[in-house]
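Asker: Build me a model from this:
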Amino acid sequence: MLSILLLIAAVVLFLVGRARSAGSWKLGAVLSAVAGVLAGVFACVYVVSAYEVGVPVTFGKVGTPLTSGIHVKSPFTEVTSYSTRPVDLNLYDKDVVEVRSSQGGVLYADVTIKWAVIPGKAVELYRLAGSEDAIQARLVLPDSREIIRNVFAKHTSEEGYASAREQIGSEIERLIKERLAPRGIDVTAVNLRNVRPSDKLQDQIDKKIQQEQATERAVEASRTAKAESERKRIEAEGIARANKIIEKSLSDKVLYNQCLDAYREAAKANPVYAVPCGTDSGGTPVIVNNSKN
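Answerer: Below is the predicted model of the structure:
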């Protein structure tokens, strides 16, 4: 546009100078013409920097992506450049992702997503997002948030912040890659940095832990009481069996012999006399120490 204006100015100055026969006007026309030509040349040259890709648009028609280097284009062509360097999308602090588990518990997920533009699909990105800044705002951020929420919604609260974090992180990474790759965005890594429960959910977790601990103590006490009861039962059964054996073995003859043995032992040390053992079926043998009379 500038080159055209300069050329028009050169023509006007030349015509005015010719009509007035003034050399200064003609010199101005020459200078304007030279400036217009130079501006036209620069307008036809476009440099794509290293680690960038350009998308040319001429009168609304999108052309083939331009790689790094010098390119010749029409003065009416506008080029939109995209960086192909990796970009980190950090979702934490004020941008933390609030998710809900399958049980309705609220969790907060800190996630970092590393992505980059695929040079060969820059045209698709231009159609979907337009400028470079809009890629993250319109594509990467909303799609990533949606996928993170959907994945957490399939898992319980405990799985979300503890037992299945690695599995959840892998699933989120796979789904984000599948969603964004066809749109020209290469997701190289998704890092599920931290998952923490909300204050309300944390209170529920603490109460559940306390209840589980109380239940475990009650079960252990019941197990101990049952074991002690079983021990006492076995001990009582053993005593009962022993008593039965003794009862069967204590016949009159056995008692009579034990009485005589006791009399013999006592007679060895002291002068004693005894009521004859077993004087009748109901009699009780008595051994008397004569020294105490």
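Asker: Check which helices and strands the longest helix that the chain contains sits against.
Answerer: When the chain is parsed with DSSP state H, its longest helix is helix 199-249. Identification of packing neighbours for helix 199-249 by 3 or more Cβ pairs under 8 Å, 6 or more residues apart in numbering; DSSP states H and E yields strand 106-117. C-beta: built from backbone N, CA, C; applies to glycine.
Asker: The strand it packs on - contacts with which helices or strands?
Answerer: strand 87-91, strand 97-100, helix 141-152, helix 165-180, strand 185-197, helix 199-249.
Asker: Take the ones you listed and lay them out in JSON lines including mean pLDDT, distance to Leu125 and mean neighbour count.
Answerer: Compiled in JSON lines, the helices and strands packed on strand 106-117 are given as follows (pLDDT from 0 to 100; distance: least, Cβ to Cβ, whole Å; neighbours: other Cβ atoms under 10 Å):
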{"stretch": "strand 87-91", "mean pLDDT": "92", "distance to Leu125": "13", "mean neighbour count": "15"}
{"stretch": "strand 97-100", "mean pLDDT": "90", "distance to Leu125": "24", "mean neighbour count": "17"}
{"stretch": "helix 141-152", "mean pLDDT": "94", "distance to Leu125": "13", "mean neighbour count": "18"}
{"stretch": "helix 165-180", "mean pLDDT": "93", "distance to Leu125": "10", "mean neighbour count": "17"}
{"stretch": "strand 185-197", "mean pLDDT": "91", "distance to Leu125": "7", "mean neighbour count": "17"}
{"stretch": "helix 199-249", "mean pLDDT": "75", "distance to Leu125": "39", "mean neighbour count": "10"}
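Asker: Which one of the ones you listed lies nearest to Thr80?
Answerer: Smallest distance to Thr80 across these (Cβ to Cβ): 15.9 Å, for strand 185-197.
Asker: mind listing what the closest one pairs with, with the direction of each?
Answerer: If you go by DSSP bridges, strand 185-197 pairs up with strand 106-117 (antiparallel).
Asker: Pull out the buried residues from the strand it pairs with.
Answerer: Buried residues in strand 106-117, counted by 16 or more other Cβ atoms under 10 Å: 107-111, 113, 115-117.
Asker: Contacts for whichever helix or strand comes after that strand next, please.
Answerer: Moving toward the C-terminus from strand 106-117, the next helix or strand (DSSP states H and E) is helix 122-128. Residues outside helix 122-128 that contact it (Cβ atoms under 8 Å, 6 or more residues apart in numbering): 53-55, 57, 62, 64-65, 80, 82, 117, 135, 138-139, 182-185.
Asker: Tell me the spacing between Arg165 and Gln213.
Answerer: 24 Å (Cβ to Cβ, to the nearest Å).
Asker: before we move on, the earlier item: now for the buried residues of strand 106-117: which two are most distant?
Answerer: Longest distance between any two of the buried residues of strand 106-117 is 31.4 Å, between Leu107 and Val117; criterion Cβ to Cβ.
Asker: Looking at the helices and strands packed on strand 106-117, which is nearest to Ser74?
Answerer: Judged by Cβ to Cβ, the one of the helices and strands packed on strand 106-117 that comes nearest to Ser74 is strand 185-197, at 29.1 Å.
Asker: quick check: angle from that closest one to strand 87-91?
Answerer: Strand 185-197 and strand 87-91 meet at an angle of 20 degrees, taking axes from the mean of the first three to the mean of the last three Cα atoms, to 10 degrees as the criterion.
Asker: Now distance to Pro75 too, for the helices and strands packed on strand 106-117, in CSV please.
Answerer: Formatted as CSV, these follow (distance: least, Cβ to Cβ, whole Å):
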stretch, distance to Pro75
strand 87-91, 32
strand 97-100, 46
helix 141-152, 36
helix 165-180, 35
strand 185-197, 32
helix 199-249, 61
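Asker: quick one on the thing from earlier: show me which of the buried residues of strand 106-117 is closest to Leu192.
Answerer: Closest approach between the buried residues of strand 106-117 and Leu192, by Cβ to Cβ: Val111, at 5.7 Å.
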